[in-house]
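>>> here is a sequence with its predicted model. Questions after.
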Amino acid sequence: EAGVAQSPRYKIIEKRQSVAFWCNPISGHATLYWYQQILGQGPKLLIQFQNNGVVDDSQLPKDRFSAERLKGVDSTLKIQPAKLEDSAVYLCASSAGTGAQETQYFGPGTRLLVL
Amino acid sequence: GDSVTQMEGPVTLSEEAFLTINCTYTATGYPSLFWYVQYPGEGLQLLLKATKADDKGSNKGFEATYRKETTSFHLEKGSVQVSDSAVYFCALTSSNDYKLSFGAGTTVTVRA
């Protein structure tokens, strides 16, 4: 079974530029998550989708971050404009459903450096 | 809100040593508890989990027991190998909103 795919793996941009990340979850997984992992910290949830609807985006900085999952499968996360503090690893994860016992499966992440 | 506190690292051990990484949590209701591991250059992967009090999760020689009375989920391995060198994250999902909350991670290095 293929895992969660993400691209690109690395991205370097200058502040105020825009950037987009792509995620393809495990086939059949209805729930998709985007996390931000700053160096030395644990991942922090940015947004959660159930199929193509947003379940939770309470920690997404909506003035600069946006995400979509138009057909309930792939998802993109965009930052526009980027700030220095956005330098982090952006992780995509998916799970078959929602629930406290669900296991989330993570992709390899996209490492973003904002100069 | 729900949160996880885990032992700060880095931790450096010799091969065949005993490893313990402490993890305590604060949560309302009955969370599920997880240990995730991140090997160098790889993504996060689930190591083990426990979904109710007194459950023991185990995998690859690692064990952790869900202790509700002490709100803890300490990770243990009796004899570590160089290949266990990684960053270990304790995490929980709230029974209220199913959010996965992570600790800060503990870096473990095992020397041959």
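Alright, I've got the coordinates.
>>> near chain A, which residues of chain B?
B:4, B:30-32, B:34, B:36, B:42-46, B:49, B:51, B:89, B:91, B:93-95, B:97-105 (CB under 8 Å from any CB of the partner chain). Where C-beta positions appear, they are placed from N, C-alpha and C, glycine not excepted.
>>> gap between the nearest residue to B:W35 once chain neighbours are set aside and chain A?
Excluding the flanking residues, the one nearest B:W35 by CB to CB, 6 or more residues apart in numbering or on different chains is B:L47, at 4.4 Å. Here the criterion is CB to the nearest CB, to the nearest Å. By it, B:L47 lies 11 Å from chain A.
>>> what strand or helix carries B:L47?
strand B:44-50 (DSSP states H and E).
>>> next helix or strand past that strand?
Sequence order places strand B:56-59 as the next helix or strand after strand B:44-50, per DSSP H and E.
>>> name the residue of chain B that lies nearest to chain A.
Nearest residue of chain B to chain A (CB to the nearest CB) works out as B:F102 at 3.0 Å.
>>> is it true that that residue touches B:A91?
Yes - counting by CB atoms under 8 Å, B:F102 touches B:A91, with 4.6 Å between them.
>>> any shared contact partners between the two?
Common neighbours of B:F102 and B:A91 are listed as A:G42, B:V4, B:Y36 (criterion: CB atoms under 8 Å, 6 or more residues apart in numbering or on different chains).
>>> report the secondary structure state of the closest residue to chain B within chain A.
Nearest to chain B, among the residues of chain A, is A:G42, at 3.0 Å (CB to the nearest CB). For A:G42, the assignment made with DSSP: H, G, I helix; E, B strand; the rest coil gives coil.
>>> any chance of the shared contacts of B:F102 and B:A91 in CSV, with neighbour count and pLDDT too?
Formatted as CSV, these follow (neighbours: other CB atoms under 10 Å in any protein chain shown; pLDDT from 0 to 100):
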residue, neighbour count, pLDDT
A:G42, 21, 91
B:V4, 23, 94
B:Y36, 26, 96
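>>> just name the closest of those to A:S7, please.
B:Y36 (22.0 Å; CB to CB).
>>> which one of B:F102 and B:A91 has more residues nearby?
Between B:F102 and B:A91, counting by other CB atoms under 10 Å in any protein chain shown, B:A91 is the more crowded of the two (25 against 22).
>>> isn't that one up against B:S101?
Yes - the pair B:A91 and B:S101 qualifies as a contact (CB under 8 Å) at a distance of 6.3 Å.
>>> and the average pLDDT for stretch B:61-81 is what?
Rounded to a whole number, the mean pLDDT of stretch B:61-81 is 97.
>>> least trustworthy helix or strand in chain A by mean pLDDT?
Between all helices and strands in chain A, the lowest mean by mean pLDDT, DSSP states H and E belongs to strand A:53-56, at a mean of 91.
>>> so which elements touch it?
With contacts defined as 3 or more CB pairs under 8 Å, 6 or more residues apart in numbering or on different chains; DSSP states H and E, strand A:53-56 has these neighbours: strand A:44-50.
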